[in-house]
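In: structural data only, the sequence is not supplied:
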């Protein structure tokens, strides 16, 4: 059993209409008052355009989601860094990164003690596991490069908008403390 839908666009005056029996529904297009056969080249072109438009919208949403997560991480660093210093040393950045990696441990223990949602506990456990693995790997975890004065000042003045997230230079920090690689 197929479900049909109606798609209308105003700029090209396209309208999809239902054709066929109830078992197998075919979609025909109506362009400028003329019905286009569902198996015609024009209908295939219209379908291809609609599929591409949906795919591009999904890709845009995924990109926005990635920027959102980076923005949340940047906001955490902004709230937890020392506001009085001009730039951080590599040791201070390492300590702040450790606090960042282990920030969900207290909440996880609280959820377990209070008999919280098993779904939330599983999500917290998985997130903690992934971040600890990334932090202990050779590559390390990506954090804002607060060892630079300009990045530190930009983060202090940042208003939280997602369009500025990509402007922050990052560094990869691992738990050995020896590997601090900047991505300038």
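Out: Cool, got the structure. These numbers were taken from a predicted model, which means no experiment stands behind them.
In: please make it C-alpha for all contacts and neighbour counts, starting now.
Out: OK.
In: same for the longest helix anywhere in the chain, what does it pack against?
Out: Selection of the longest helix in the chain by residue count, based on DSSP state H, yields helix 41-80. For helix 41-80, the packing partners by 3 or more Cα pairs under 8 Å, 6 or more residues apart in numbering; DSSP states H and E come out as helix 90-101, strand 141-144, helix 149-157.
In: out of those, the one nearest residue 127 is which?
Out: Checking the helices and strands packed on helix 41-80 against residue 127 by Cα to Cα gives helix 90-101 as the closest, at 9.6 Å.
In: gap between that closest one and the chain center?
Out: With Cα atoms, centre = their mean, to the nearest Å as the basis, helix 90-101 stands 24 Å off its chain's centre.
In: contacts for it?
Out: If you take Cα atoms under 8 Å, 6 or more residues apart in numbering as the criterion, helix 90-101 is touched by 76-77, 80-81, 128, 131-132, 135, 143, 146-147, 173, 175, 177, 180.
In: which parts of the one helix or strand residue 123 maps to are buried?
Out: In this structure, residue 123 sits in helix 118-136 according to DSSP states H and E. Buried residues in helix 118-136, defined by neighbour count with 16 or more other Cα atoms under 10 Å: 121, 124, 128, 131-135.
In: let me see the confidence value for residue 33.
Out: We have a pLDDT of 73 for residue 33.
In: that one: how many residues sit nearby?
Out: Residues within reach of residue 33, counting by other Cα atoms under 10 Å, total 10.
In: check contacts around the spatially most central residue of the chain.
Out: Central residue of the chain (Cα atoms, centre = their mean): residue 66, 2.0 Å from the mean position. Shown here is residue 66, which makes no contacts under the criterion Cα under 8 Å, 6+ apart.
In: just give me the closest of the buried residues of helix 118-136 to residue 88.
Out: Closest to residue 88, out of all of these and judged by Cα to Cα, is residue 135, at 19.1 Å.
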